[in-house]
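In: prediction below, plus the sequence it came from.
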Amino acid sequence: MADDMEKTEEPTPKKIEDARKEGNVPKSQDTSSFVTLLVAVVMVFTLSMFITSRLYYLYEYYISFVGTPLTKNIVYEIGFVSLKELVFMIIPLASVVAVSGIIAAVMQFGFIYTTKPLTPDLKKIDPIKGFGKLFSAKKLIEGVKITAKVIIVFSIAFYYLIKYVKELPTVINLSMMNQIHWLAEKIVILVLIMLMIFFILGMIDLLIVRYQYFKELKMSMQEIKDEYKQMEGDPLIKGKIKQVQMQLAQKRMMSDLPTADVVITNPTHYAVALRYDKERENAPIVVAMGVDNLALKIKEIARKNLIQVIENPPLARQLYGSSELGEVIPENLYKAVAEVLAFVFKSKNKEL
């Protein structure tokens, strides 16, 4: 019994799907941050010429007011133009970065839509549970991860910063353009190093998050048994299974219908298609049967395939009520069916 209650089994697909519906998914914030940062860096370099041109325009715009008395209207105009240019520079970058953040999340756990996390729940503001979460193993791991990330990033950044500072006495003697090139080169190197660090941290965090997620969803043998019983006994599940089975059977039935020799109808409510091959079968086989709309469909397909349709209401009702799809007809109907088949085969110059 103790083994049944111990959570040692991997979560079932239903358990994972239920967790997704609750909004519980394995999301690595570091991985999303890396993708967002990478896209932001690429966009900054891509838009660098555009941003530079807009900054140069602002510079010339500000210079044009030198010597001009600053009135209230001019201040408003400068503020409006500055804000407009700033928006033009930021919107493309912000839009792409926002989309990249969404894509990074979708890449991790797929697209989900649920309002469950937004539903008010008094249990979420329980001070006792909240206090317990502050000192949980999960929070401890999160704290260790954050501390480790800060130490690693700052240590590497500080190392390269000191290294670059040592080069300053030499850089001072360079021309202005060479100084700018030196600075741009060092910035690019530092950005690439930081991206590599964030990539490694993101992959590590992703593995840790997924490990913790599936560990928390692990189930006991008893939970798996209970879930299986619930699914088996759930009327909705049973109804869905039955519906799928009927659709598959109906599809198979319609594909077999062209092999029939005759369709016996009510004529408006019932239709039963029979096939008889004396070399392979001991008795006629029911290849299709249906009522109402399905019966009309059977007759329609029969006519398209030049299968003879015979109206015999009593026989059609008896066949439908006592026969099984894909099985031979009942023995008590042999004589009546033989008469119908004899008529059909005679009209086709075939032997019964």
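Out: Nice, thanks for sending it over.

In: the longest helix seen in the chain - contacts with which helices or strands?
Out: Secondary structure of the chain per DSSP state H: the longest helix is helix 176-216. Judged by 3 or more CB pairs under 8 Å, 6 or more residues apart in numbering; DSSP states H and E, helix 176-216 is in contact with helix 29-46, helix 137-165. Any C-beta I mention is one placed from the backbone N, CA and C, and that applies to glycine too.

In: any chance of the ones you listed in a markdown table, with mean neighbour count too?
Out: Listed next are the helices and strands packed on helix 176-216 as a markdown table, based on neighbours: other CB atoms under 10 Å:
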| stretch | mean neighbour count |
| --- | --- |
| helix 29-46 | 17 |
| helix 137-165 | 12 |
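
In: quick check, Ile193 in contact with Tyr160.
Out: Yes. Shown here, Ile193 and Tyr160 form a contact pair, counting by CB atoms under 8 Å, at 6.8 Å.

In: so where does Leu306 fall, helix or strand?
Out: Following DSSP states H and E, one finds Leu306 outside all helices and strands.

In: what about it? Give its phi and psi, please.
Out: Backbone geometry at Leu306, expressed as degrees, to the nearest 10, gives phi 60, psi 40.

In: how close does it get to Ile187?
Out: According to CB to CB, to the nearest Å, Leu306 stands 80 Å off from Ile187.

In: who's more crowded, those two?
Out: The neighbour comparison of Leu306 against Ile187 (other CB atoms under 10 Å) goes to Ile187, with 11 against 8.

In: gap between that one and Lys15?
Out: Distance from Ile187 to Lys15, by CB to CB: 48 Å.

In: angle of the longest helix of the chain against helix 137-165?
Out: 170 degrees (axes from the mean of the first three to the mean of the last three CA atoms, to 10 degrees).

In: surely Met43 meets Val97?
Out: Yes. Contact status for Met43 versus Val97: in contact at 6.9 Å, counting by CB under 8 Å.

In: joint contacts of those two?
Out: The overlap between the contact sets of Met43 and Val97 (CB atoms under 8 Å, 6 or more residues apart in numbering) is empty.

In: now tabulate the helices and strands packed on helix 176-216 in CSV and tack on mean pLDDT.
Out: Output for the helices and strands packed on helix 176-216, formatted as CSV (pLDDT from 0 to 100):
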stretch, mean pLDDT
helix 29-46, 84
helix 137-165, 82
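
In: to Ile103, which of the ones you listed lies closest?
Out: With CB to CB as the criterion, Ile103 lies closest to helix 29-46 of the helices and strands packed on helix 176-216, at 7.2 Å.

In: from the chain's centroid, how far away is the closest one?
Out: On the basis of CA atoms, centre = their mean, to the nearest Å, helix 29-46 sits 23 Å off its chain's mean C-alpha point.

In: who touches that helix?
Out: 51, 92-93, 96-97, 100-101, 103-105, 107-108, 149, 191, 195, 198-199, 201-206.

In: 6 Å instead, please
Out: 93, 96-97, 100-101, 104-105, 191, 198-199, 201-202, 205-206 (CB atoms under 6 Å, 6 or more residues apart in numbering).

In: partner strands of the helix or strand that contains Val272 and their direction?
Out: Val272 is located in strand 270-275, with elements delineated by DSSP H and E. Neighbouring strands of strand 270-275 in its sheet, by DSSP bridges, are strand 262-265 (antiparallel), strand 285-291 (antiparallel).

In: which stretch among the ones you listed comes nearest Met254?
Out: Per CB to CB, nearest to Met254 of these: strand 285-291, 7.1 Å.

In: can you name the secondary structure element that comes next after the closest one?
Out: helix 292-304.

In: buried ones in that next one, by neighbour count?
Out: Neighbour counts using 16 or more other CB atoms under 10 Å place Leu294, Ala295, Lys297, Ile298, Lys299, Ile301, Ala302 of helix 292-304 among the buried residues.

In: now those residues as CSV including pLDDT and distance to Gln212?
Out: Below are the buried residues of helix 292-304 laid out as CSV (pLDDT from 0 to 100; distance: CB to CB, whole Å):
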residue, pLDDT, distance to Gln212
Leu294, 85, 52
Ala295, 87, 58
Lys297, 88, 54
Ile298, 88, 57
Lys299, 88, 61
Ile301, 88, 56
Ala302, 88, 61
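
In: for these, which one is nearest Asn266?
Out: Ala295 (7.2 Å).

In: what's the spacing between that closest one and Ile307?
Out: Taking CB to CB, one finds Ala295 at 14 Å from Ile307.

In: ok, Asn24 next?
Out: 56 Å.

In: settle it for me: which of the two has more neighbours?
Out: Ile307 (21 against 18).

In: test my guess that that one contacts Ala260.
Out: Yes. Counting by CB atoms under 6 Å, Ile307 does reach Ala260; the two are 5.4 Å apart.

In: on that earlier part again, ok, which of the helices and strands packed on helix 176-216 comes nearest Arg252?
Out: Comparing those by CB to CB, helix 29-46 comes nearest, at 46.4 Å.

In: next structured bit after that closest one?
Out: Counting by DSSP H and E, the next helix or strand C-terminal to helix 29-46 is helix 48-63.

In: pull the distance from that following helix to the chain's centre.
Out: 44 Å.

In: same thing with stretch 296-314?
Out: Worked out by CA atoms, centre = their mean, stretch 296-314 lies 45 Å from the chain centre.
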